[in-house]
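# Based on what follows, work out the 3D shape:
(one chain, ligands or ions: 1)
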Amino acid sequence: LLNCRVQTVVKDLKNLGFKNITTDYIINKEYIELILQEYNFELPSSTSSITSANIYNKLKDPLNPKLLESRPPIVTIMGHVDHGKTTIIDYLQKSSVVSQEHGGITQHIGAFQVITPVSKKKITFLDTPGHAAFLKMRERGANITDIIVLVVSIEDSIMPQTKEAIKHIKASGNQLIVAITKIDKIGNVKEREKKIERITNDLIANEIMVEKIGGDVQVIPVSAKGGENMDLLEESIILLSDMMDIKTENSKNTMSEGFVIESEMKSAMGNVATILIRKGTLDNQSILLCGNTFCKVRSIMEGAEKKITKALPSQAVVVSGWKELPHVGDEFIQVKSEAIAKKYISKREALIEVEKNASRVEKLNEERYAESIRRKESKSKDDIDDIEDDDATDNAITGPKMVNFIIKADVSGSAEAIKESIQDLGNDEVQCCVISSSVGIPAESDLKMAEISNSEILCFNLENLPNDIINNKHGVVVKKFNVIYKLIEIVVETLENNMKKIF
Ligand code: GDP
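Residues are numbered from 1 along each chain as shown. Next up is the predicted model:
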């Protein structure tokens, strides 16, 4: 960073009065700041609290209350597996703005918009339940959605993943609507009412403030198969969003902001990303800054084919022109010029470098401290418990055994979702390690990487996986999945198989 030789720094430190200086001497923060002053170098984190995570916030304009206008609500659907999330999305997608213009054909882009049957207002739905981008944003304390529709099957009531979803909803502070699905499965009206009553009570037991007890959470019984009450569900979302008064700024001069919800390399178009706009209008001249990349917008598409010239708040559009693929869940902001984008990207990279060094020093300090404690302890130890302790110390020094995986999926949203779901699996003894996660059929390079890193390749939703990939010459294990929880089960099993057998 200082752009000078380490020996020069050592010499200068000695001149400044530091004793016993070596090249791996660790200096505390206060001294670093003093020394950097000698070199006329400004330590970013000492002058302000700018970090690589928040540096782009400087470029954001606060919302101007005078320019606020309504925008359509953004909705995510959550619930237990098999309770009917996908079926609801399929039903809604058939009536989406784009599919109506394209004879009912829609392609997965991560989100879609519908116009409600009665009030004729727009709603944006994220089309992957519990979308990776949604989960990532929540981790960072930001909210990509305004409303969550919690799906509960009339046959099962509240199940483990419903409870998980309730936990997330409470933590995120999102507004909630409950859809009781599959009501067509219970033909007898009395029995149906009894079941709805039971589910409502179960919701209350889980501290959901439903309307029945004077709360504001609407409970809508629907059938996504037959379409019964689906219009009511859509209108309930509008009712709630009107009450929430969802607004954003969208004047001529408003710079747009939003989130990346999908990204992929397309052979004909290069790097493309589906982005969800939260503020401002996007057009063909816009320049977007996002993470370590930027985009000179080349084309904007609604759905997979329809070219448009402008995109409005709450609209999800596919944008081409990205230098590098942006990450799912990252926030983008519009900037005035390519030069500004480049300047901020390199500032951010420098900060990342500084932060990495800082955490390296911290880790080194911790390791040294642990090592000195270990030495002290081992001196005063009895020979008798040596065998057991050696084992324990082994683990403390080397850490858990890493079991490596490479993820290949159909779309980046799934790849990210799988990575998120498995990367923290493990315990003190074995730990899951995701070497890489990307889109597409495994290539020769993936197989080589798997061979070198001793990884298994997990393929998700990849149709027509060639046989010579599955039975590859590298001897790499390639497994195929279509359901995420099955994949997680197998990863857990593999981790267990890697634990020391205690018999
Ligand atoms: P997900 O795992 O939550 O996305 O659930 P799916 O949407 O895949 O639904 C699971 C199963 O329930 C599928 O076989 C659906 O056809 C069925 N299903 C979903 N909604 C309904 C409904 O409203 N009525 C009926 N009869 N079946 C439904």
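# Can you name the residue of the stretch 401-503 of the chain nearest to the ligand?
Among the residues of the stretch 401-503 of the chain, Val483 lies nearest to the ligand; the distance is 8.7 Å by Cβ to the nearest ligand atom. Every residue, glycine included, has its C-beta placed from N, CA and C.
# what does the stretch 201-350 of the chain give?
Of the residues in the stretch 201-350 of the chain, the one nearest the ligand is Lys225, at a distance of 3.5 Å by Cβ to the nearest ligand atom.
# Show the contacting residues for Val439.
264-265, 408-412, 415 (Cβ atoms under 8 Å, 6 or more residues apart in numbering).
# ok, back up a step: look up the pLDDT of the residue lying closest to the residue of the stretch 201-350 of the chain closest to the ligand once chain neighbours are set aside for me, please.
Ranked by Cβ to Cβ, 6 or more residues apart in numbering and with sequence neighbours excluded, the top spatial neighbour of Lys225 is Asp184, at 5.8 Å. The model reports Asp184 with a pLDDT of 96.
# could you pull out the strands for the stretch 251-400 of the chain?
When assigned using DSSP state E, counting those that start in this stretch, the strands of the stretch 251-400 of the chain occupy the ranges 257-266, 270-279, 282-283, 287-290, 293-302, 306-308, 310-311, 316-322, 331-335.
# Report the rounded mean pLDDT for the third one.
Mean pLDDT, computed over strand 282-283, is 94.
# and the stretch 1-150 of the chain, which residues reach the ligand?
Contact residues, the stretch 1-150 of the chain versus the ligand (Cβ under 6 Å from any ligand atom): 79, 81-87.
# Most widely separated two among the residues you listed?
Between all members of these, the longest pairwise span (Cβ to Cβ) is found for Val81 and Thr87 and amounts to 12.4 Å.
# which one of the two has more residues nearby?
Just comparing Val81 and Thr87: by other Cβ atoms under 10 Å the higher neighbour count belongs to Thr87, 17 against 14.
# Which residues does the helix or strand that contains that one contact?
Taking DSSP states H and E as the criterion, the element that holds Thr87 is helix 85-94. Helix 85-94 is contacted by residues 77-79, 99, 104, 106, 112, 114, 125, 127, 129, 149, 151, 179, 181, 222, 224-225, 227, 230, 233-234 when judged by Cβ under 8 Å, 6+ apart.
# residues contacting Cys432?
With contacts defined as Cβ under 8 Å, 6+ apart, the neighbours of Cys432 are 403, 405, 422-426, 491, 495.
# Am I right that it falls within a strand?
Yes: when the secondary structure is assigned by DSSP: H, G, I helix; E, B strand; the rest coil, Cys432 falls within a strand.
# and it, bridged to which residues?
Applying DSSP bridges to Cys432 gives these bridge partners: Val403.
# coming back round to it: so how far is Ser223 from the residue nearest to Lys225?
Distance from Asp184 to Ser223, counting by Cβ to Cβ, to the nearest Å: 4 Å.
# More neighbours: these two, which one.
More crowded of Asp184 and Ser223, by other Cβ under 10 Å: Ser223, with 21 against 15.
# Phi, psi for the residue lying closest to Val210 once chain neighbours are set aside please.
Beyond its immediate neighbours in the sequence, the residue positioned closest to Val210 (Cβ to Cβ, 6+ apart) is Val217, lying 4.9 Å away. The main-chain torsion angles of Val217 are listed as degrees, to the nearest 10 and equal phi -90, psi 120.
# show me the contacts for Val217.
176-178, 203, 208-211.
# Closest to Gly291 out of the contacts of Val439?
Within the contacts of Val439, proximity to Gly291 (Cβ to Cβ) peaks at Ser412, which comes in at 13.4 Å.
# how many neighbours does that closest one have?
Ser412: 26 neighbours (other Cβ under 10 Å).
# List the contacts of it.
Under the criterion of Cβ under 8 Å, 6+ apart, the neighbours of Ser412 are 132, 262-264, 325, 328, 438-439.
# Now with 7 Å, please.
Residues touching Ser412, when contacts are defined by Cβ atoms under 7 Å, 6 or more residues apart in numbering, comprise 262-264, 328, 439.
# could you measure it against Val478, distance?
Counting by Cβ to Cβ, the gap from Ser412 to Val478 is 20 Å.
# got any ranges where the stretch 251-400 of the chain has weak pLDDT?
304, 361-362, 364-366, 368-369, 372-373, 376-399 (pLDDT under 70).
# could you redo the last one with a cut-off of 50?
Using pLDDT under 50 as the threshold, the predicted model of the stretch 251-400 of the chain has low-confidence ranges 383-384, 386-397.
# check contacts around the residue lying closest to Asp216 once chain neighbours are set aside.
With Cβ to Cβ, 6+ apart as the criterion, Asp216 has its nearest non-adjacent residue at 6.5 Å, and that residue is Met209. The neighbourhood of Met209, defined by Cβ under 7 Å, 6+ apart, consists of 215-217.
# One more: Cys433?
Listed by Cβ under 7 Å, 6+ apart, the contact partners of Cys433 are 402-404.
# ditto for Thr51
Applying Cβ under 7 Å, 6+ apart, one finds that Thr51 lies in contact with 351, 355.
# From the ligand, how far out is it?
Between Thr51 and the ligand the distance, using Cβ to the nearest ligand atom, to the nearest Å, works out to 38 Å.
# Now name the helix or strand holding that residue.
Secondary structure (DSSP H and E) places Thr51 outside all helices and strands.
# Stretch 168-181: end-to-end distance?
With Cα to Cα, to the nearest Å as the measure, the ends of stretch 168-181 fall 20 Å from one another.
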